[in-house]
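J.: Build the 3D model from these lines:
(chains A and B)
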Number of protein chains: 2
Amino acid sequence: VKPVPVIDVALVHHPVRDRRGETITTAINNVDVHDIARSCRTYGVRVFHVVTPITAQQAIAERILVHWREGEGATRLPERGDALDRVRIAASIEDVVAGMTAELGERPTTIVTSAAPPTDRVWLGHSDAAARLRIEGVTLLVLGNGHGLTDDVMQGADEVLAPIVGVDGYNHLSVRAAAAILLDRLLRRDA
Amino acid sequence: VKPVPVIDVALVHHPVRDRRGETITTAINNVDVHDIARSCRTYGVRVFHVVTPITAQQAIAERILVHWREGEGATRLPERGDALDRVRIAASIEDVVAGMTAELGERPTTIVTSAAPPTDRVWLGHSDAAARLRIEGVTLLVLGNGHGLTDDVMQGADEVLAPIVGVDGYNHLSVRAAAAILLDRLLRRDA
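T.: Residues are numbered from 1 along each chain as shown, chains lettered A, B, ... in the order given. Here you go, the predicted model:
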C-alpha cells in the first residue's frame, strides 16, 4: 500500500532545449544531483529521478551515488548519503512514469515546470498545486536542464506549473535554485 | 537618496565553522557565486557581497566577475553578467556593514541565518521578516558557508532568522538552495 500523497521529482537531461531552442541532451552535473537531492530530502520527496538516455552518463551518476551511499563519502558526510539514497537514474520520462505506475499502483499526474511556460495552456498556480499535493494522489514534478523542457514534453504533461516570477521579469534562476523554491512553495509545512 | 527598502546579501567564507565546530575559512565556490547572484537578481537584492579575507581568493572571484561582465561570458550569456553585475567582493562582514552605511546613509540591520540558530535568542520568523522588508530600512541578510556562521557572528547580529524547517528535521540544504528559499520567502511579490 502506497503512502498518500506521494511526490517524485525528475530532472530531465533529454529532451531539453539549448539556448537557441534546439533539442539537445545535457550532461549530468554533480552539483545539480547533490543540491536537488538535498532539497528533495528536506521536503519529503519520495524519489528524485535523474533522467538521461546516455548510458555512459548513467554510469557516472551511479558511481557518484555509490561513493556517497557506501564509499568514503558515506563515512565523511553521512547526511549526504541520506539525501542521495532517494536518487534513481532513468533513461526517459516515460520510464519514470511507467516505473511509478508499476510501483505505486497509480499513474502519476505529471506537472512540468518552466521559466517561460507555453501560453496556450492554463498554468497551475503554486498555491493550488500546494493544496492539491497536501491531500491526494501520486505526482511527478518535472524539471528541465539546459534551457528547459521541449515543447513536446510541455504539451504532453498533465499540468503546466506557473513560473517563478521575480521583481522585474528576470527569469534566469539556476535549476538548483528553482527546484528549491518550487519544493518550498509546494511542500512546506510551517507557516 | 537611497531607494527604500534596500536589501543586500552577504555570503561569508570567514569566520565560519567546519563540521566539528572549529572556525575556518572556506574557499569561494564558483557555483555559489553564480547561483546566489542569479537568485539575488531575481528577487531585487541590491548587492550580493562575497566575503573572504584571503586576497588570493578575492582575486579569483574578481576574475570570475570580469569574465562574465566583460569577457567571453558576457557575449555568450548576457543575462549571467546582468546577475553578476551586482556582486562585490569584501574582506569582512564589518567592511560590508561600513560600506553600506557610508553608501546608503544608514547602518543596515543585520539578519543572520543558520540551519540551527542559537536557542538563547528570539528568532525572527520568515513572515515577520518579509513584512518588515516590504516597508522599511536597509537590511543585510548574512549567509554562512561551510557548516555555518560562528557563534560570535550569530550573537553579534541584530536579528537571527528562523531556520528553514523540512518535514522531519533533516537540515542539510546547500547554501545555494537555502539562499533561494529564504529570498523567496522574504521577497516574493506574487501570492
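
J.: so what's residue A:185 up against?
T.: Taking C-beta atoms under 8 Å, 6 or more residues apart in numbering or on different chains, we find residue A:185 in contact with A:126, A:129-130, B:184. Glycine gets a C-beta too; all of them are placed from N, C-alpha and C.

J.: Contact residues of chain A facing chain B?
T.: A:19, A:31, A:34-35, A:38-39, A:41-44, A:77, A:79-80, A:82-83, A:127, A:164-168, A:170-174, A:176-181, A:184-185, A:187, A:189-191 (C-beta under 8 Å from any C-beta of the partner chain).

J.: Take these and keep only those in helices.
T.: For these, the ones inside helices are A:31, A:34-35, A:38-39, A:41-42, A:79-80, A:82-83, A:127, A:176-181, A:184-185, A:187, with DSSP state H as the criterion.

J.: re earlier: filter the residues of chain A next to chain B down to just the buried residues.
T.: Buried members of the residues of chain A next to chain B, scored by 16 or more other C-beta atoms under 10 Å in any protein chain shown, are A:31, A:34-35, A:38-39, A:41-44, A:80, A:82-83, A:164, A:166, A:170-174, A:176-181, A:184-185, A:187.

J.: any low-confidence regions in chain A?
T.: Flagging of chain A using pLDDT under 70 yields the residue ranges A:1-4, A:191.

J.: so the strand or helix carrying residue A:63 versus helix A:30-42, what angle?
T.: Using DSSP states H and E, residue A:63 maps to helix A:55-69. Here the directions of helix A:55-69 and helix A:30-42 differ by 50 degrees (axes from the mean of the first three to the mean of the last three C-alpha atoms, to 10 degrees).

J.: Can I get helix A:55-69 in PDB, CA atoms only?
T.: Below are the C-alpha coordinates for helix A:55-69, written out as PDB (Å, rounded to 0.1, in the frame of the first residue of the first chain):
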ATOM      1  CA  THR A  55      24.400   5.000 -20.700                       C
ATOM      2  CA  ALA A  56      27.900   6.500 -20.100                       C
ATOM      3  CA  GLN A  57      26.200   9.400 -18.200                       C
ATOM      4  CA  GLN A  58      24.100   6.900 -16.300                       C
ATOM      5  CA  ALA A  59      27.200   5.100 -15.200                       C
ATOM      6  CA  ILE A  60      28.800   8.300 -14.000                       C
ATOM      7  CA  ALA A  61      25.800   9.100 -12.000                       C
ATOM      8  CA  GLU A  62      25.700   5.600 -10.400                       C
ATOM      9  CA  ARG A  63      29.400   6.000  -9.400                       C
ATOM     10  CA  ILE A  64      28.600   9.300  -7.700                       C
ATOM     11  CA  LEU A  65      25.700   7.600  -5.800                       C
ATOM     12  CA  VAL A  66      27.800   4.600  -4.700                       C
ATOM     13  CA  HIS A  67      30.500   6.900  -3.400                       C
ATOM     14  CA  TRP A  68      28.100   8.800  -1.200                       C
ATOM     15  CA  ARG A  69      25.900   5.900  -0.200                       C
END
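
J.: What is the nearest of the contacts of residue A:185 to residue A:160?
T.: Minimum distance to residue A:160 across these is 10.6 Å, recorded for residue A:129 (C-beta to C-beta).

J.: Just give me the neighbour total for that closest one.
T.: 21 (other C-beta atoms under 10 Å in any protein chain shown).

J.: now it: how far from chain B?
T.: Using C-beta to the nearest C-beta, to the nearest Å, we find residue A:129 at a distance of 13 Å from chain B.
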